[in-house]
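**Q** What follows is a predicted protein model with its sequence.
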Amino acid sequence: MIIGKLSNKVRHTVRQIKNTIFPGAIILMYHRVAEVDSDPWSLCVTPKHFAEHLEVLRKYGHPLHLQQLTKRLSDRQSIHRSIVVTFDDGYADNFYNAKPLLEKYDIPATVFVTTGGIDQKREFWWDELEQLLLQPGILPDLLQLNINGRTYRWELGEATYYSEADRQRDRHWKMEREEDPTPRHALYRSVYQLLQFLSAYERSQLLDELGSWTNAQPVVRSTHRSLCNEEMLALESGGLIEIGTHTVTHPFLSQLPIASQRDEIQQSKAYLEKVLRHPITSFSYPNGSYTKETISLAQEAGFNCACASVLDKLQQHNNKISQHSNRFLLPRFVVEDWDGETFARWLSRCF
């Protein structure tokens with residue numbers, strides 16, 4: 001026990017010394033600023049907490065545009081305590097909830113948009129799956145899906161009926177946890193894992209099949225929809241927010257052939273440039289998934305930089321940006337729905 005405490009103190013002291021000598025920069029990764037009934041993927045930060053985060057950033061760091069940070073890296077300029085705010089996916093709440101707060105605190109941000117979701121009458125597929133399987137109601141006992149030549153079967157048993165009280169009880173469930181509170185949550189996890197590497201077309205077909213099985217027609221919830229073109233234009237107006245691309249269909253790029261990766265990257269870039277009428281210079285790898293070929297494709301497409309994700313929370317504080325960082329593999333820190341005090345403590349560990 002004593003050795004363990006000493007070891008923690010030593011690690012803390014080493015980190016403090018390292019942060020003092022090599023202050024570096026950090027990129028924060030958000031997805032949504034919203035309050036929703038359930039958030040299996042921990043994508044949402046409430047508007048109240050986001051405002052508190054921005055207040056902390058304004059006080060303790062030097063907020064920059066992503067392109068400003070990239071230029072400083074290229075020019076070998078100081079990036080001491082620089083902080084960049086980014087959002088992935090392109091949810092509509094980035095415009096309605098995040099932008100007003102960013103303007104209030106005068107903090108720039110980059111929003112990486114999945115172009116296949118723009119103006120669509122469907123939610124992002126992980127949200128649609130949640131709507132089909134984890135909302136109150138009655139489902140058939142047996143589900144059978146044929147995927148890639150294999151047949152998968154699930155039985156819900158008592159979980160065929162799921163009440164509003166059940167949903168409220170389980171509303172804080174997260175996919176990162178190992179335990180599933182009901183067979184419905186186990187089903188969601190299992191089906192997600194089977195769908196995640198399919199093509200967008202195959203996935204949509206299976207979601208349609210699931211919709212028929214549930215005897216429900218998923219709707220685009222106002223709380224879960226993605227940006228439309230008009231909102232994206234308004235989001236970018238004023239110059240505080242930059243739009244970057246996040247591919248067309250949000251695939252795991254590392255699982256795709258090189259030609260398909262190229263299409264995802266170049267087509268999303270071309271779409272945004274057509275709508276926004278200026279070059280798109282920032283890219284983000286969906287799911288943090290890439291190969292060395294993916295990095296080369298991002299460079300060939302004409303981006304100035306590309307952001308990755310550091311999903312291992314234990315490793316996040318070892319992934320600050322320095323002058324030696326690869327501009328096409330910039331690590332980001334995942335931000336959770338912390339209150340301002342917790343966020344300030346977390347940020348102090350970075351600097």
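**A** Cool, the structure landed.

**Q** Excluding chain neighbours, what is closest to Pro140?
**A** Trp213 (6.3 Å; C-beta to C-beta, 6 or more residues apart in numbering). No exception for glycine: its C-beta is placed from N, CA and C like everyone else's.

**Q** Checking my notes, the one you found in a helix, right?
**A** Yes: judged by DSSP: H, G, I helix; E, B strand; the rest coil, Trp213 forms part of a helix.

**Q** On the three-state scheme, Ala306 is what?
**A** Per three-state DSSP, Ala306 ends up strand.

**Q** which ones are touching it?
**A** Ala306 makes contact with 282-285, 295, 298, 327-330, according to C-beta atoms under 8 Å, 6 or more residues apart in numbering.

**Q** Identify the residues contacting Lys104.
**A** 51, 54 are the contacts of Lys104 under C-beta under 8 Å, 6+ apart.

**Q** Tell me the one of the contacts of Ala306 nearest Phe112?
**A** Using C-beta to C-beta, Ser284 is the member of those that lies nearest Phe112, at 3.8 Å.

**Q** Skipping adjacent residues, who's closest to the closest one in space?
**A** Phe112 (3.8 Å).

**Q** in the helix or strand encompassing Asp166, what's buried?
**A** Secondary structure from DSSP states H and E places Asp166 in helix 164-169. Residues of helix 164-169 classed as buried: 166-167 (neighbour count, 16 or more other C-beta atoms under 10 Å).

**Q** Check stretch 286-293 too.
**A** Buried-residue list, stretch 286-293, by 16+ other C-beta under 10 Å: 286-290.

**Q** what about it, how long is it end to end?
**A** End-to-end distance for stretch 286-293: 15 Å, by C-alpha to C-alpha, to the nearest Å.

**Q** Identify all contacting residues around it.
**A** 88, 114, 246-247, 250-255, 258, 261, 308-311, 329.

**Q** In this structure, which strand is the longest?
**A** Of all the segments of type strand in the chain, defined by DSSP state E, the longest one is strand 82-89.

**Q** could you pull out the strands for the stretch 201-350 of the chain?
**A** Under the criterion DSSP state E, counting those that start in this stretch, strands of the stretch 201-350 of the chain are mapped to 241-245, 282-284, 305-307, 333-334.

**Q** could I get those as a markdown table with distance to Thr70 and mean pLDDT?
**A** Formatted as a markdown table, these follow (distance: least, C-beta to C-beta, whole Å; pLDDT from 0 to 100):
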| stretch | distance to Thr70 | mean pLDDT |
| --- | --- | --- |
| strand 241-245 | 11 | 98 |
| strand 282-284 | 8 | 98 |
| strand 305-307 | 4 | 97 |
| strand 333-334 | 17 | 94 |
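
**Q** Of those strands, which is nearest Leu73?
**A** Of those, the one closest to Leu73 (C-beta to C-beta) turns out to be strand 305-307, at 8.3 Å.

**Q** surely the residue nearest to Pro140 meets Leu133?
**A** No: using C-beta atoms under 8 Å, Trp213 is not in contact with Leu133; the gap is 10.0 Å.

**Q** For Leu139, find the nearest of the strands of the stretch 201-350 of the chain.
**A** Evaluated with C-beta to C-beta, the strands of the stretch 201-350 of the chain place strand 333-334 nearest to Leu139, the distance being 32.2 Å.

**Q** How far off centre is that closest one?
**A** 9 Å (C-alpha atoms, centre = their mean, to the nearest Å).

**Q** packing partners for that strand?
**A** If you count contacts as 3 or more C-beta pairs under 8 Å, 6 or more residues apart in numbering; DSSP states H and E, strand 333-334 packs onto strand 25-30.

**Q** Quick check: next helix or strand after the strand it packs on?
**A** strand 32-33.

**Q** Sheet partners, orientation included, of that following strand?
**A** Strand pairing for strand 32-33, determined by DSSP bridges: strand 44-45 (parallel).

**Q** and the angle from the helix or strand just after the strand it pairs with to strand 25-30?
**A** Later in the chain than strand 44-45, the nearest helix or strand by DSSP H and E is helix 47-60. Helix 47-60 and strand 25-30 meet at an angle of 170 degrees, taking axes from the mean of the first three to the mean of the last three C-alpha atoms, to 10 degrees as the criterion.
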